[in-house]
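Undergrad: Kindly generate the corresponding structure for this input.
(chains A, B and C, ligands or ions: 4)
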Amino acid sequence: MLLDENKSQSGSQGWQPKIIAFFCNWCTYTAADLAGVSRIKHAPNARVIRVMCSGRVDPQFILDSFAKGADGVLVGGCHPGDCHYQEGNYKCLRRFQLFKRVVESFGINKDRLRLEWISASEGDKVRLVINDMVAKVKALGPLSLPKKFSEWDKEMNIIEEKIAGKEEAVHA
Amino acid sequence: MSKTTGNTRTGFYICHCGTNIAGTVDVEKVVDYVSKLPNVVVAKHYKYMCSDPGQEMIQKDIRDQNLNRLVVAACSPFLHERTFRNVASQAGLNQFFFQMVNTREQNAWVHLDALASTEKAIDLARSAIFRVAFHKPLEQKKVPIHPGVLVVGGGIAGIHASLTLANAGKKVFLVEREPTIGGHMAMFDKTFPTLDCAACILTPKMSSVKNHPNITMWTYSEIESVDGYVGNFKVNVKKKPRYIIEDLCVGCLDCIDACVYKEPRFFDEFNQGLSKRKPVYIPFPQATPQLVVIDPETCIDFKSNKCKKTCVDVCERKAIDLNQQPEHKEIEVGTIIVATGFKPFDASGVPYYGYGVYPNVYTALEVERLINASGPTSGEVVMRDGSRPEKIAIIHCVGSRDKNTNLWCSRVCCLYSLKLAHLLKEHTHADIYNFYIDIRTPGKMMEEFYYRMAEEGTKFIRGRVADIYPDLTDEVHRRLIVKAEDTLISEIIKVPVDMVVLSTGLEPRADANDVRRMFNITCSTEGFFIERHPKLAPVNTFTDGIFLAGCCQGPKDIPDTVAQAGAAAAEALALIDSGFIELEPNTAFVVEVDCSGCKSCVPLCPYSAISYQEDKKKAYINEALCKGCGTCVASCPSGSIKQNLFEDEEIYSEIDGILNYTNIYEVSECC
Amino acid sequence: MATDIEGIKSVTLETIYDTPEGKLIQSCIQCGTCAGACPHGEYMDYPPRRIIKMLQHGLIEKVFETDSMLKCVNCYACMVKCPREIHLTEVILQLVKEQTIIRLPAVPPELQKALENNYRYGNPMGESGRKRANWVTTSSVPVRILSQNPEPVDVLWFVESYPSYHPRGQDTCRALAKILNALEIDFAILGNEEKSAGECGMLSYESGLAEALVDYNMSVFAKYKFNKMITTDPHALDAFNYRYKLYDFGYEAQHAILFIMQYHDRLKPLLKKTLGYSVTYHDSCCLGRHNKFYDEPRQLLQLIPGIKLVEMVHNRLNSICCGGGGGGMWLDTYFKSQNMERLSDIRVKEAIETGADILAVACPYEIPRFEDALKVAGYDKKIAVKDIVELVSESMED
Ligand SMILES: Cc1cc2nc3c(=O)[nH]c(=O)nc-3n(C[C@H](O)[C@H](O)[C@H](O)COP(=O)(O)OP(=O)(O)OC[C@H]3O[C@@H](n4cnc5c(N)ncnc54)[C@H](O)[C@@H]3O)c2cc1C
Ligand code: SF4
Ligand code: SF4
Ligand code: FES
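TA: Ligands and ions are numbered 1, 2, ... in the order given. Below you'll find the model as predicted:
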């Protein structure tokens, strides 16, 4: 089952990807603020959810984001050695590497999920990363899992109905 | 949304911030949209939400409309989260029933497309409204603040901050890496713009530090580790052995005379290598403390164990101890001021200026020593080849304003170049040529200073020097030719001079990154420490309780350094005198009924806040040790650890809000 | 690198602000470092700094009324020192130079001739194309010529014109052939099929000349199979690595010295003869400032037993151009008519000053230029000009 099959999908014109970004409070969120203070313009597609540390990012958050309609998920933390809580980012990285494989095995393209170390002074890196990710996700097209889920639900219903119908016919 | 209990009545407010937000985000449209969301009772926009009328409007609504949740879309929470939390609590609402939406820094300021920007604002507003419904009333924990202060670095910044705090009756620990305090200022002869003698204004302050009953001064020492948090830092300091028993040494300097090296032979750091010192030395006559140091790198006894140790013999007070070991001190303080200063740009980084190749090319700091009455030449400007200069070129901006080296303007070089022009003229009567790109003299009395220097006859050439090389046709003097375009007359000029002074810029210390990590503060890519806010919190860092002073935060002159040191001291005092600090309640806790006792969280906590209760077979989190990163929460297989302010439901509802998930669900349900 | 290449391709004076390289000129602080660094700055009515300002003000036409940019020798001195990292030599000045030459009432005859020769004979001297590989007959080791033996080869050696025809250039060729042979490298040359690579810069004002040479050489390369390309000429090196890349040249060309240095373990035992020279090395503009290879040539020299390296006053990044770049090779007469001091004369004075026996070079333009300048200075008996490969080969004799 490949979730990421969108090339043929219609209705994606004028579509803008939605990216959920989990940024740690100390480095990456601060960097995003710095980008603001320095008026570094970038793509408007990311929606930031602030967590204290990238270590707080539960893989379930990422799955949930995709399942509920995100086209991409970005996790941002401090550079190795710089985590405000010493090593939350290592924990995040370890989890992330495992999890990335899981997500790929679902057929979600690897470009839809990204982990970046962005320090508080790297306002410009926020721009680079978000722009790059948006471009890549745009190229992939919408993921639209909720829609797919509901279509599958419908198909399942139809199949079930058919089976039920057949059974009834058999019985009759 | 059904999971929230009770009657949620949310007020939503979006700020125009003048035109900062409203210029890009269509605030009316946002209000329009939000007012139709479930639970939203009030939705308003206003010009300046953080102003008094703005705050009062919100408070009135909370009271009149019985609001029990508050969402404000405005600037970054780093700026005004506290303001609006106060608004809530003053109106009788628990301050944590509040959520802020960053609509300025992370939206209006970084996007050009008004439609997309408005859409983003709507998504994030919805997200906050979903989230805030799950918020719980929380109490902030109050912890007492330890009144002691650690000051790191004993330059003029550290000295001034220490004295200010000590005079206010606080206990100060001043830790300096070098054998003496004083920093760069101690090396100067005179200081711009008033040309008062550096020693005259600095040394009295240095001895006050030494003698102040409230200051513990540890020189030749390093910070080894910093633990804890605002109000309660535990710091380990290593005192390097100077091989002198401090209490016994009276600074008579007999040992220096007695050293088996009859002549000084080693690089004298304080004099920039323009003179030599012995293995046993004192950096400069007014060094504070007045104690000698023995340098194990050059002392024969440390190499071969075969020295006659004449220094030990001569010391009547038996103060020399060649077996001295490093001492480790543990101190507790409530606040920390970082004042580690700068390092001058290494002039060989601009290879075509010939520093290190031609002996008569000097750095400004070397010249400061040369013209200093207590310097290596007793204030005579005698060059490395023994001659005296008749023509001198002073080159501004060396290593500064240059993408190949450092892009920033070092702020003091123009002024100290003018100062050196004056002092060199006074000492040598030489012709002085100042090569500059722009003369920058902001600040009180600075332009007047420039005016006076110009009147003295210093020649100014507007052009960045492109090449310095010896004049091969001049067999006798081998003068250096300084080549530049005088851009104001558009002529390429070649000025033969005897001496070149490179006005090197100011750089972060080489170990800025280590220091930053140690104190958990941030620094820019180049290495200057970053203040919490460039205008509103210029001496605070992102770590509560740690403050900045002096050139470690960016290049500045002595007046600004001292002003900033005073500000840092005042901020520390404000904290100390409030007596306690309120901590963010974002700690984690175990919901014991759900805990399966798998222990996987225990090793994860960097602060060892999690323990395993053998009797109950459950994990337990010590709230006092938890710093609230949430790493354990994310990894608990049974989902039984929760983090206040960042509970799973809160984050899931944020995701739902951004993606407008309920709606999709409803849509698919209905058809 | 990639962006530079794109920059060269797309920037024109009209579109200058549309490209990142062009935009950079907006950040110029008019410090004049470029003008002061330029070896010919004092002879230009509009040295680089003023050109930037004229560009900013839209007054560039005025610059074309003067011969300022004709005097640019493509030496990169301004570019490496510019505190705003403006791509002067690489992009901006090239464009101005091109226009300058197009509008010149008369191109100086010497230069005109060289360009014509390049067009007609594939070399600037006007030698017959059929004699290009003649030097091979005097080589002490066999040199394979691809047109005679088109088997795939590992290393294609692009010889270039000066080394092919100039007697001293041929010495360098024989030396390199010997070294490659001793290192057991599988190499070959194009022989008479080869034509000048074209200049390192954009001397394309003789309309289509550069393109014609590129097209021609590319079609020859397409006939053969090889893995690497080497050359002793830094100008050709830059032509391939910057200009030919725009035409899908798929190799990374390497300067012979860097290529040899890769084999220094194998080379070292072969260098048996102690030379006992004091040597000063002249950093060529393309190899040094443009490609930042300052250390490798010196390291190769130091591999040779008995060589003592001494430095000139201007070295490495701060080296002075020999005056041969950017068409300067064929402008000596013109420059003289403008009362300009010859750069090669200035340069050899510094070499003389070091007291060295050998002035070592790594660019074929430099041998004739410096030999002539030494003769003028009366020092041609005291200092010899040698390509580094010649010294290496000399040390291989026992
Ligand atoms: C050539 C020159 C001339 C100048 N002339 C003038 C002038 O005339 N007038 C003027 O107003 N300004 C002048 N300035 C600027 C002036 O030097 C600075 O404003 C001032 O020295 C800044 O003081 P500071 O305490 O921040 O830093 P510093 O003087 O650098 O002091 C920092 C101290 O911290 C110590 N330290 C560093 N790291 C650590 C660590 N990890 N642990 C413990 N200790 C540490 C250092 O040893 C040092 O003692 C001049 C600057 C230069 C380069
Ligand atoms: S060196 Fe660079 S910044 Fe200075 S004038 Fe020349 S182009 Fe402008
Ligand atoms: S490349 Fe060399 S010759 Fe040309 S302008 Fe720059 S410095 Fe002058
Ligand atoms: S605080 Fe930024 S990753 Fe831990």
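
Undergrad: For chain C, which segments count as strands?
TA: C:153-158, C:187-189, C:226-231, C:253-255, C:278-281, C:308-310, C:358-361, C:384-387 (DSSP state E).

Undergrad: just the stretch 401-550 of chain B next, same as before
TA: With DSSP state E, counting those that start in this stretch as the definition, the stretch 401-550 of chain B shows strands at residue ranges B:431-436, B:459-462, B:467-470, B:480-486, B:491-497, B:499-504, B:506-508, B:546-548.

Undergrad: and the fourth one, which residues are buried?
TA: Applying a neighbour-count criterion of 16 or more other C-beta atoms under 10 Å in any protein chain shown, one finds B:480-486 buried in strand B:480-486. The C-beta positions use only the backbone N, C-alpha and C, and glycine is treated the same way.

Undergrad: C:Pro305 touches C:Pro269, doesn't it?
TA: No - using C-beta atoms under 8 Å, C:Pro305 is not in contact with C:Pro269; the gap is 11.0 Å.

Undergrad: okay, those two: which has more neighbours?
TA: Counting neighbours by other C-beta atoms under 10 Å in any protein chain shown for C:Pro305 and for C:Pro269 shows that C:Pro305 has the greater number, 13 against 7.

Undergrad: Backbone dihedrals for the more buried one, please?
TA: Torsion angles at C:Pro305 (phi, psi; degrees, to the nearest 10) stand at phi -60, psi 140.

Undergrad: Distance check, it against C:Ser395.
TA: To C:Ser395, C:Pro305 is 7 Å away according to C-beta to C-beta, to the nearest Å.

Undergrad: Likewise for B:Phe284?
TA: 54 Å.

Undergrad: got it, and C:Lys273?
TA: 5 Å.

Undergrad: do B:Arg69 as well
TA: 85 Å.

Undergrad: Tell me which of these two has more neighbours.
TA: The residue with more neighbours, out of B:Arg69 and C:Ser395, is B:Arg69; 26 against 21, by other C-beta under 10 Å.

Undergrad: What sits closest to the more buried one if chain neighbours are left out?
TA: Nearest residue to B:Arg69, sequence neighbours excluded (C-beta to C-beta, 6 or more residues apart in numbering or on different chains): B:Thr10, at 4.1 Å.

Undergrad: Quick one: end-to-end distance for stretch B:440-452.
TA: 15 Å (C-alpha to C-alpha, to the nearest Å).

Undergrad: Point to the residue nearest the middle of chain A.
TA: Chain A has A:Val73 as the residue nearest its centroid, 2.3 Å off, counting by C-alpha atoms, centre = their mean.

Undergrad: Equivalent analysis for chain B, please.
TA: Centroid check for chain B by C-alpha atoms, centre = their mean gives B:Phe529 as the closest residue, at 3.2 Å.

Undergrad: list the contacts for it?
TA: By C-beta atoms under 8 Å, 6 or more residues apart in numbering or on different chains, the contact list for B:Phe529 reads B:338, B:512, B:516, B:521-523, B:541, B:548, B:552-553.

Undergrad: In helices only, show me the residues you listed.
TA: The members of those that map onto helices under DSSP state H are B:512, B:516.

Undergrad: Backbone torsions only: list them for the residue nearest to B:Arg69.
TA: Per degrees, to the nearest 10, the backbone of B:Thr10 is at phi -100, psi 140.

Undergrad: That one and ligand 1, how far apart?
TA: Look at B:Thr10 and ligand 1: by C-beta to the nearest ligand atom, to the nearest Å, they are 48 Å apart.

Undergrad: Would you point out the helix or strand in chain A whose mean pLDDT is lowest?
TA: Least confident helix or strand of chain A, by mean pLDDT, DSSP states H and E, is helix A:145-171 with a mean of 79.

Undergrad: Tell me if that helix is near chain B.
TA: Yes - residues of helix A:145-171 contacting chain B under C-beta under 8 Å from any C-beta of the partner chain: A:146-147, A:150, A:153.

Undergrad: Check C:Gln99 and give its pLDDT.
TA: Model confidence at C:Gln99, given as pLDDT, is 87.

Undergrad: burial count for C:Ile320?
TA: Count around C:Ile320 with other C-beta under 10 Å applied: 22.

Undergrad: actually B:Val152, not the one I typed
TA: As a burial measure, B:Val152 scores 27 neighbours (other C-beta under 10 Å).

Undergrad: of all of the stretch 301-450 of chain B, which residue lies closest to ligand 2?
TA: Closest to ligand 2 within the stretch 301-450 of chain B is B:Ile437: 8.2 Å, counting by C-beta to the nearest ligand atom.

Undergrad: how far away is the residue lying closest to that residue once chain neighbours are set aside from ligand 2?
TA: Excluding the flanking residues, the one nearest B:Ile437 by C-beta to C-beta, 6+ apart is C:Cys31, at 4.7 Å. C:Cys31 sits 4 Å away from ligand 2, going by C-beta to the nearest ligand atom.
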